[in-house]
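In: got a structure for you, letters missing:
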């Protein structure tokens, strides 16, 4: 059985699954429940000068019958006193000494950062996470994303923290920035031991068409909020990989953003994360989801012959390159398994109207009938010469593995766009003719 234990910048954890800073990490009661369920770490809901939250606070993007594909909140940091939070951190750490407990902090002055760092250490926290990402409420006060969006300011504040910190420091980055690596580089330059990303994305999830006010609303008004949940996963993966691949960052990463299953976690780890943090999925399904996540990741590592999480960290990072490095002579085309085809012809419609007109509707021609297919009804057929391998048909097909993409030997030497430009400039090849 694979070893799921990790060590992120000196913070040890029995597994890579951490509860992210947010509503599920607000109290000692929740931390106890999380650790009892099997979570490896908890990042406490951000501690700072107490605030006053509003009512209501959450809204979501639903797709069909699926709830909370995207989740929006206008909730701020902890509304409980620092005294209460630090006392409960000490209580939790005493009961769970082998689990990771990280204090998330957000204050304003150098003196206050020093004070809160010391209070975190005195409470027994294993590490500190600096909240430079909150995109609402706190940024209006000069904190949160107002810091994370300005690398020079982030560098200064991380420097303040490192003056006092004796335990590992994780800098949490905002995605509301043109290039997240700039902020990551600033964190490293100032001495941060690790980074975590992404925090939530500025968003409006829906507008009430009766009141003409976005949800959630407060006395007839609303505000932009922080977007998270499954819908942000692709953005988070992209930013995690960008930081993992950047030679000027080179920091351990705690990945955050839409993680709800072992597969999600494995993808984040393969793109450079050491630990993964989960919030929205817990709010949706509860702490017990970690059981399937841990079991699934362990089984996956075993199936790949990997002895530990460390064997997976960063495995996919080198496969992400600039577009100009991709082989222009490589080709894939679609292939249909007619035994699985249900005759919906959605692939034909999608290709005909939205792609490259590379699928025809033809008589069955002796193909076996898939489940639900109507005898005599025309079936889709790939036009091999017209197919450009865009993948659209396989993506819209409602039956798994009915349409797959297969590689075709073009018998042509590998050539990237960079190669093409070089050879063209040297007169070695003729320009590629445009499509008629």
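Out: Everything's here; your move. Bear in mind that the values here come from a model prediction, so they are computed numbers and not experimental data.
In: any chance you could read off phi and psi for residue 202?
Out: Main-chain dihedrals, residue 202, degrees, to the nearest 10: phi -50, psi 130.
In: just the helices in the stretch 251-400 of the chain please.
Out: Using DSSP state H, counting those that start in this stretch, the helices of the stretch 251-400 of the chain run over 262-270, 280-285, 289-303, 346-354, 392-396.
In: How far does stretch 420-430 sit from its chain's centre?
Out: 40 Å (C-alpha atoms, centre = their mean, to the nearest Å).
In: so residue 25 sits right up against residue 45, yeah?
Out: Yes - Residue 25 sits in contact with residue 45 when judged by C-beta atoms under 8 Å, with a separation of 5.0 Å. In this view, the C-beta of every residue, glycine as well, is placed from N, C-alpha and C.
In: List of residues touching the top strand by length along the chain?
Out: Ranked by residue count under DSSP state E, the longest strand found in the chain is strand 66-73. The contact list for strand 66-73 (C-beta atoms under 8 Å, 6 or more residues apart in numbering) reads 57-63, 200, 203-205, 215-216, 225-232, 280, 283-284.
In: Just the ones in helices from the residues you listed, please.
Out: Secondary structure assignment (DSSP state H) places 280, 283-284 from the contacts of strand 66-73 within helices.
In: What's the end-to-end length of stretch 281-292?
Out: 13 Å (C-alpha to C-alpha, to the nearest Å).
In: Now that stretch: buried residues?
Out: For stretch 281-292, the neighbour count (16 or more other C-beta atoms under 10 Å) marks 281-283, 287, 289-290 as buried.
In: before we move on, what about stretch 52-66?
Out: 54, 58-61.
In: again, but for stretch 388-398
Out: Buried residues in stretch 388-398 (16+ other C-beta under 10 Å): 389-390, 392-394, 396-397.
In: And for stretch 162-172?
Out: 164-165, 167-172.
In: what do you get for stretch 254-264?
Out: Buried, per 16+ other C-beta under 10 Å, within stretch 254-264: 254-262, 264.
In: In JSON lines, list the residues you listed along with distance to residue 299 and pLDDT.
Out: Shown next, in JSON lines, are the buried residues of stretch 254-264 (distance: C-beta to C-beta, whole Å; pLDDT from 0 to 100):
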{"residue": "254", "distance to residue 299": "23", "pLDDT": "98"}
{"residue": "255", "distance to residue 299": "20", "pLDDT": "98"}
{"residue": "256", "distance to residue 299": "24", "pLDDT": "98"}
{"residue": "257", "distance to residue 299": "24", "pLDDT": "97"}
{"residue": "258", "distance to residue 299": "22", "pLDDT": "97"}
{"residue": "259", "distance to residue 299": "17", "pLDDT": "98"}
{"residue": "260", "distance to residue 299": "17", "pLDDT": "97"}
{"residue": "261", "distance to residue 299": "13", "pLDDT": "98"}
{"residue": "262", "distance to residue 299": "8", "pLDDT": "98"}
{"residue": "264", "distance to residue 299": "15", "pLDDT": "98"}
